[in-house]
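In: Sequence and predicted structure are below.
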Amino acid sequence: MVTIAKKNVTESGQSLVNDNYNEKRGKDMYRQGYGYLIIMLVMILALTACSSSSIHDFNSGETATTKVKQEDTGYYPDKKLDKAKNVVSADPKLLQDDDFEVSYRSHKIDKNTDIKELIRKWGYGEGYDNFNRGYVSGNGTYRRWSLSYPKYEDPEIDFVVLSKIELEGEELVDGESYLVAVSLENPKFKTKRGLKIGDTLSKVLQLYGQPSIVKNGNVIYSKDGQHLSINWDTKTEKVNNIFIEYNMEKSVKQQRSGDYVEEDAQPDPDLEPYTIQREQSFTTPLNGWGEVKFISTLKDEDMNDLIQAKFFLEVNSDKNVENKILYEFPEFYGNNGKMIDRIKAVSFKDLNQDGRTDIVIIADYITGVNAHGIETLPVAGIYFQRKDNTYTTLPKLDKNINQTGHNQTLQNVIQYVSKQRINVQ
């Protein structure tokens, strides 16, 4: 919604009358005053005409702005947009492979860039050894590291590389290597469409249109496994990093395959692809389970997929490391094609008076992005406990809760559900 502050144009005419005329010059003064009055009337009419024209022009601008908003696809629901009228390009070009290319030192960088060739040309960059040879993460099989130019302390550009670790004599060296991603760190480098660090979020939207994915502080444009991730500062509303991923999924899969994972081990939400949301994870007693840990998680942002919510019950004991996860909850209603921004609230309460503990969850999901950041709306879902102590959902009830707007707070949800007749076996 574009908010326009209309100008209030007011003109006030003021008549100055002098009642103390000199009788000897009365007629002359009268004629002179009459002449001034005529001049003032002409000026007022001219000002009124100009003001009317200004109002007309301004209203025409408002109409044009409204038209842009109406022709939009609902990407900015009920939020202020940028002060500029055309926040999103009316017809941004579809992404092409060369949109993921950048140029550095007259060398084209893309998904097929040969890392060894870059090193032969430019070396490892100043400070490579002092920064632990660019080490980011690794295991006994693979090493993820950064190749930064011209120096590591204040780089212009940073290449993320995955290398297979090989033994050369008695020394471990980087074997087969490939480019995972590139990070633009200096405003003198631009994307193919002309975006650079320091540009506004409005410009991002004008150049690229609607993003494929919106994450916390990032808009992402994707094509065939390549991702252009643009991070902005939420305070200044300016781009502060441009990150282009070429082979991220491949690198994550390879590096993870090199980690030691016990075949029969159940997944731990501390590991990818889930990240624990600790502020909405609790130790609580549950019927049939005793005191357990209720764990709220979101799919890891690095997976470049819709961020979805997942919930688990864990053993409430650090000593019992086997079968750490006791229970994985069914699919959360809010995941239904939505990108979850955060888990907002959790409540444990017997909602249908059957003596068992039900769980209410409210999350915020992303509806779009405007020139000032991401936009969210709440979505609620309920897990009802069965007689066998497992949990189930009632999708029709969840749908009604959200469609009627009883999803803003835990109290909204609980009051609405308390009026329904719910029987869970």
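Out: Received, thanks.
In: Give me the distance between residue 206 and residue 109.
Out: Residue 206 sits 24 Å away from residue 109, going by CB to CB, to the nearest Å. Any C-beta I mention is one placed from the backbone N, CA and C, and that applies to glycine too.
In: Residue 176 is in what secondary structure piece?
Out: strand 171-184 (DSSP states H and E).
In: Same question for that strand: list its buried residues.
Out: Buried residues in strand 171-184, counted by 16 or more other CB atoms under 10 Å: 174, 177, 178, 179, 180, 181, 182, 183, 184.
In: residues in contact with it?
Out: The contact list for strand 171-184 (CB atoms under 8 Å, 6 or more residues apart in numbering) reads 102, 109, 111, 113, 115-116, 143-145, 157-167, 191, 196-197, 241-248, 251.
In: So for the very next helix or strand once past that strand, mean pLDDT?
Out: Reading on from strand 171-184 to the C-terminus, the next helix or strand found by DSSP H and E is helix 201-208. The average of the pLDDT scores along helix 201-208 is 92.
In: can you tell me the helix or strand for residue 399?
Out: Taking DSSP H and E as the definition, residue 399 sits inside helix 395-403.
In: which residues of the stretch 101-250 of the chain fall in helices?
Out: In the stretch 101-250 of the chain, the helices defined using DSSP state H, counting those that start in this stretch lie at 115-122, 201-208, 248-257.
In: Now do the first one: which elements does it pack against?
Out: Same thing as helix 115-122. strand 142-149, strand 157-168, strand 171-184 (3 or more CB pairs under 8 Å, 6 or more residues apart in numbering; DSSP states H and E).
In: Need the mean per-residue confidence for it.
Out: Here the average pLDDT along helix 115-122 is 95.
In: Let me know the angle separating that helix from strand 171-184.
Out: Relative orientation of helix 115-122 versus strand 171-184 (axes from the mean of the first three to the mean of the last three CA atoms, to 10 degrees): 80 degrees.
In: How far does helix 115-122 sit from its chain's centre?
Out: For helix 115-122, the separation from the chain centroid amounts to 35 Å (computed by CA atoms, centre = their mean, to the nearest Å).
In: so how far is residue 314 from the closest residue in space to residue 222 that isn't next to it in sequence?
Out: Nearest residue to residue 222 in three dimensions, chain neighbours excluded: residue 212, at 4.2 Å (CB to CB, 6 or more residues apart in numbering). Distance of residue 212 to residue 314, computed by CB to CB: 33 Å.
In: Comparing those two, which residue is more hemmed in?
Out: The neighbour count for residue 212 versus residue 314, taken as other CB atoms under 10 Å, is higher for residue 314 (21 against 14).
In: The more buried one against residue 329, yeah?
Out: No - in this structure, residue 314 is not within contact of residue 329 by CB atoms under 8 Å, at 11.9 Å.
In: show me what contacts the nearest residue to residue 359 once chain neighbours are set aside?
Out: Spatial nearest neighbour of residue 359, chain neighbours left out: residue 383 (4.3 Å); criterion: CB to CB, 6+ apart. Residues near residue 383 by CB under 8 Å, 6+ apart: 311, 329, 330, 358, 359, 361, 391, 392, 393.
In: what about the strands in the stretch 201-350 of the chain?
Out: Along the stretch 201-350 of the chain, counting by DSSP state E, counting those that start in this stretch, strands occupy 213-215, 218-223, 226-233, 238-245, 274-276, 282-286, 290-299, 309-315, 325-328, 340-349.
In: Now do the fifth one, average pLDDT.
Out: When pLDDT is averaged along strand 274-276, the result is 85.
In: cool, the second one as well?
Out: Across strand 218-223, pLDDT averages out at 90.
In: now stretch 330-348
Out: Mean pLDDT, stretch 330-348: 92.
In: cool, and stretch 174-186?
Out: Mean pLDDT, stretch 174-186: 95.
In: centre of the chain versus it, how much separation?
Out: In terms of CA atoms, centre = their mean, the centre of stretch 174-186 is found 24 Å from the chain centre.
In: still on that earlier bit, quick check: what element follows the helix holding residue 399 along the chain?
Out: That would be, after helix 395-403 and using DSSP H and E, helix 410-418.
In: and for that following helix, what are the contacting residues?
Out: 345, 347, 349, 351-352, 360, 362, 380, 382, 397, 401, 404-407.
In: run the last query once more with 10 Å
Out: 344-347, 349, 351-353, 358, 360-362, 378, 380-382, 384, 394, 397-398, 400-402, 404-407, 409 (CB atoms under 10 Å, 6 or more residues apart in numbering).
In: Of those residues, select the buried ones using a ChimeraX command.
Out: Buried residues among these (16+ other CB under 10 Å), as a ChimeraX selection:
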select :344,346,347,351,352,358,360,361,362,378,380,381,382,384,394,397,398,401,402,406,407
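In: Hmm, residue 294 is touching residue 346, no?
Out: Yes - if you go by CB atoms under 10 Å, residue 294 and residue 346 touch, sitting 7.1 Å apart.
In: any common contacting residues for the two?
Out: Joint contacts of residue 294 and residue 346 (CB under 10 Å, 6+ apart) are 280, 281, 282, 284, 311, 359, 361.
In: Check which helices and strands the host helix or strand of the last one sits against.
Out: Taking DSSP H and E as the definition, residue 361 sits inside strand 358-370. Using 3 or more CB pairs under 10 Å, 6 or more residues apart in numbering; DSSP states H and E as the contact criterion, the elements in contact with strand 358-370 are helix 201-208, strand 213-215, strand 290-299, strand 309-315, strand 340-349, strand 373-385, helix 410-418.
In: I am finished for the moment; much appreciated.
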